[in-house]
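> this one's sequence-less:
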């Protein structure tokens, strides 16, 4: 596992422990590393988490992909949570996904 991957795993653990976060995880799109954060629906994503993510070179998906949204990261609701998505701009475009038959 790369140092960056280890560092981001620790970041996800740290975010997961924050109130009002209900879940946080790393994922991969076709070319980018993503970080998802679920926040209780009646709460806002804490500004300190957005600041922390920026320090690790994550930006809101809407900002990175130049798409519309109510803010830079909100992508919708999931169950009792509001879901936010961030893109690792430090490694953007470096990932490859393959289709397996």
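Looks like it arrived, so ask away. Because the structure is predicted, anything quoted here is derived from the model rather than measured. Numbering: from 1, shown residues only.

> do you have the helices of this protein handy? List them.
Here the chain has its helices, by DSSP state H, at 3-16, 47-55, 61-65.

> so where's the chain shaky on pLDDT?
For the chain, the stretches with pLDDT under 70 are 1, 93-101.

> run through the residues that contact the spatially most central residue of the chain.
Nearest to the geometric centre of the chain sits residue 35, at 2.4 Å (C-alpha atoms, centre = their mean). Residue 35 makes contacts with 8, 11-12, 24-27, 53, 58, 85-88, as judged by C-beta atoms under 8 Å, 6 or more residues apart in numbering. From N, CA and C alone the C-beta is placed, and that goes for glycine too.

> repeat for residue 86
If you count contacts by C-beta under 8 Å, 6+ apart, residue 86 has them with 34, 35, 36, 37, 53, 58, 59, 60, 61, 73.

> excluding its backbone neighbours, what's nearest it?
Take residue 86 and drop its neighbours on the chain: the residue closest to it by C-beta to C-beta, 6 or more residues apart in numbering is residue 58, 4.0 Å away.

> my guess is the one you found contacts residue 89. True?
Yes - applying C-beta atoms under 8 Å as the test, residue 58 and residue 89 come out as touching, 7.0 Å apart.

> more crowded one of those two?
residue 58 (24 against 16; other C-beta atoms under 10 Å).

> hey, what's the more buried one bridged with?
residue 88 (DSSP bridges).

> what separation do you get for it and residue 76?
Counting by C-beta to C-beta, to the nearest Å, the separation of residue 58 from residue 76 is 18 Å.

> quick check: bridge partners of residue 37?
The partner residues for residue 37, given DSSP bridges, come to residue 24, residue 84.

> no more questions from me, cheers.
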